[in-house]
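Asks: please find the sequence and the predicted model below.
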Amino acid sequence: MVYGGLVEMLGLLCGACVDCTLNTAALTMSKLFSSKKAKKSGASITSSITSSTASSAVLSSSIASSTITSSITSSKSTRSLKTFTDLSLPNPLIATLSKLGITKPTQIQINSIPPALSGHNILGISSTGSGKTLAFALPILTKLQLDPYGVFAVVLSPTRELAKQISEQINLVGVTYSVTTSLITGGGDMVRQAVSLSSKPHFVVGTPGRILALLENDPHVSFKGVRFLVLDEADRILSSRLSNGLLKDAAKIAVRCRKGRRCQVMAFSATGGKGQYIFMPHAMRDMYLVACVRHLMREGGVRALSSPGSFSGSGWTLGKRGDPHEEDYISSGARSAVVFVGTCERAAHMEGTFRELGIDCVALHSLLTQDRRNAALGKFKSQQVRVLIATDVASRGLDIPTVDLVVNSELPRKARDYIHRVGRTARAGRRGRAVTLVGEEDVGLVHAAEKLAGRPMEKNEDIKDKDVLKLMSSVAKASRLTKVKLDEVGFGKLVKKRKGRKEKERKARQKILKQAGLK
């Protein structure tokens with residue numbers, strides 16, 4: 001079983017990558033996509049690290065050799081590569097990038113594009129918002145011109161929202177080449193998606209589960225000719241437990257892509273930035289959360305800006321940093337904020353509470369239909385509302401330039417999710433801040449997050465206890481009213497029904513695994 005072998009590799013192999021969040025994933029990718037000949041001959045995997053101080057790292061491995069030699073290249077070995085022309089990208093593609101305001105490659109792009117164009121597998125690790133999507137899209141678009149027929153690249157994403165964003169960016173930079181893209185995610189019309197997939201688009205972008213379902217339903221659709229397989233947010237896909245469908249489905253898709261023996265593999269993931277914390281009593285979490293939005297956002301998050309997508313004359317385009325005095329503007333208050341919560345119930349509750357207090361907001365969580373999720377994200381991106389309350393469904397890859405503030409209502413159970421949450425702000429060199437509310441029971445989670453991020457959180461000095469106390473009465477009243485409204489619409493019953501369904505699915509998966517001898 002392919003996914004059984006993957007789990008074994010994840011458990012046994014480690015230490016090849018400079019970033020501890022992906023040290024097992026690096027060797028897993030190398031071993032999974034090595035040739036059958038290499039496996040039979042007992043091929044060895046050797047690694048060398050040229051620098052441990054690089055801001056972004058790339059592990060590349062040849063797909064043609066029976067012995068896979070991996071190396072992590074740093075900025076030291078790529079100092080001479082300063083422009084897209086230096087990276088051997090075609091002029092039409094460079095011209096398109098220039099029109100989009102992208103005139104200089106980021107470090108992850110400098111490290112990734114040359115080995116990708118040379119036919120190597122890539123594992124790229126860099127900070128959030130550093131341009132990882134273009135790091136894999138640009139070499140694929142360059143190679144596409146040599147063989148522009150059939151499904152050329154498959155891009156796997158752990159979430160629907162991230163897949164949609166990747167698809168949009170590929171269409172944007174690939175407009176010169178009339179690139180066709182098929183977005184295949186859960187929640188969409190399967191018939192339309194099947195028709196789109198059968199038309200053999202250049203790019204198939206989507207979530208593993210839905211892509212695999214369409215492949216299994218239509219034997220005439222083949223990925224044998226696929227030249228590139230990309231795993232975005234690879235740590236979430238490769239480190240998933242077997243009972244989680246992500247890893248299993250991704251492994252099956254990988255086997256289909258590798259049948260043609262020409263497929264390169266590129267996997268990307270992120271490291272985190274600085275964060276701040278506010279220590280508070282558990283019972284006052286909602287009051288502190290409202291205080292963060294009220295005091296750290298312009299106009300307290302109530303009134304939308306008159307010019308969506310821009311502020312104080314600063315230009316915001318894909319890859320463009322904007323006004324040089326950006327820090328001064330942000331110090332006067334964030335334009336948009338993402339508030340992360342732990343559950344769908346809490347997302348709905350805080351959305352109602354914020355609205356009762358006059359704070360314009362939308363919620364994004366998995367209990368919403370796909371249309372409502374798209375609508376909420378659309379309103380937030382266009383700044384019709386300036387506060388997005390979300391579960392971790394929004395923590396991966398979403399790139400919204402106006403987000404200057406991230407607030408963690410509570411720390412996630414997994415430290416890796418903290419890294420991706422705080423990465424929704426301060427993207428591509430822009431300014432921003434991430435604030436986490438910490439209670440006495442969260443100390444262990446704080447230490448885990450700090451260890452993974454490689455730096456301690458700083459104490460936030462902007463939110464004063466006296467300001468929070470002033471909000472107690474109004475927040476408590478808004479919270480009670482919201483609870484009554486949610487009970488009236490039967491939201492609690494919907495949550496219980498979903499929990500029961502997920503528990504049945506979990507038990508069914510465990511039974512199958514036990515019968516297969518995998519658990």
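Replies: Thanks, I have the structure now. Residues are numbered from 1 along each chain as shown.
Asks: all contacts plus neighbour counts: C-alpha atoms, from now on.
Replies: OK.
Asks: for the chain, give me the ranges with low pLDDT.
Replies: Filtered on pLDDT under 70, the chain yields the residue ranges 1-80, 127-129, 239-245, 260-261, 270-274, 298-334, 395-399, 424-431, 517-519.
Asks: domains for it, by residue range?
Replies: Per automatic domain parsing, the domain ranges recorded for the chain read 2-271, 276-488, 495-519.
Asks: which residue is the nearest non-sequential neighbour of Leu357?
Replies: Ala478 (6.6 Å; CA to CA, 6 or more residues apart in numbering).
Asks: and the one you found, how far is that from His295?
Replies: 18 Å (CA to CA, to the nearest Å).
Asks: and Ile359, how far is that from Lys496?
Replies: 28 Å.
Asks: comparing these two, which residue is more hemmed in?
Replies: Ile359 (22 against 11; other CA atoms under 10 Å).
Asks: tell me the secondary structure for the more buried one?
Replies: coil (DSSP: H, G, I helix; E, B strand; the rest coil).
Asks: Leu229 now?
Replies: strand.
Asks: touching, it and Arg262? I think so.
Replies: No: the criterion here is CA atoms under 8 Å, and Leu229 misses it with Arg262 at 10.4 Å.
Asks: tell me which of the two has more neighbours.
Replies: More neighbours surround Leu229 than the other of Leu229 and Arg262, with 24 against 16 (other CA under 10 Å).
Asks: what about Ile170, distance to Ala250?
Replies: Relative to Ala250, Ile170 is positioned 21 Å away (CA to CA).
Asks: longest helix of this protein?
Replies: Counting by DSSP state H, the longest helix found in the chain is helix 491-515.
Asks: which other helices and strands does that helix contact?
Replies: If you count contacts as 3 or more CA pairs under 8 Å, 6 or more residues apart in numbering; DSSP states H and E, helix 491-515 packs onto no helix or strand.
Asks: which residue ranges of the stretch 351-500 of the chain form strands?
Replies: 362-364, 387-390, 403-408, 433-438, 458-459 (DSSP state E, counting those that start in this stretch).
Asks: what count of nearby residues applies to Val446?
Replies: 20.
Asks: before we move on, what about the one 5 residues further on?
Replies: The tally of other residues near Lys451 (other CA under 10 Å) stands at 13.
Asks: then the one 3 residues further on?
Replies: Neighbours of Gly454 under the rule other CA under 10 Å: 15.
Asks: dump the residue contacts of Glu345.
Replies: 492, 495 (CA atoms under 8 Å, 6 or more residues apart in numbering).
Asks: residues of whichever strand or helix holds it that come out buried?
Replies: For Glu345, the enclosing helix or strand under DSSP states H and E is helix 344-356. The neighbour-count check on helix 344-356 (16 or more other CA atoms under 10 Å) flags 344-354, 356 as buried.
Asks: out of those residues, which two sit at the greatest distance?
Replies: The largest separation in these, counting by CA to CA, is between Cys344 and Glu356 at 18.6 Å.
Asks: my read: the residue nearest to Leu357 touches Thr353, true?
Replies: Yes: using CA under 8 Å, Ala478 is in contact with Thr353, at 5.1 Å.
Asks: from Leu388, how far off is Asp249?
Replies: 30 Å.
Asks: neighbour-wise, which of these two wins?
Replies: The residue with more neighbours, out of Asp249 and Leu388, is Leu388; 26 against 20, by other CA under 10 Å.
Asks: quick one: the helix or strand harbouring Leu289 to strand 433-438, angle?
Replies: Using DSSP H and E, Leu289 sits in helix 285-296. Relative orientation of helix 285-296 versus strand 433-438 (axes from the mean of the first three to the mean of the last three CA atoms, to 10 degrees): 160 degrees.
Asks: isn't Val221 right up against Ala213?
Replies: No: shown here, Val221 and Ala213 do not form a contact pair, counting by CA under 8 Å, at 11.5 Å.
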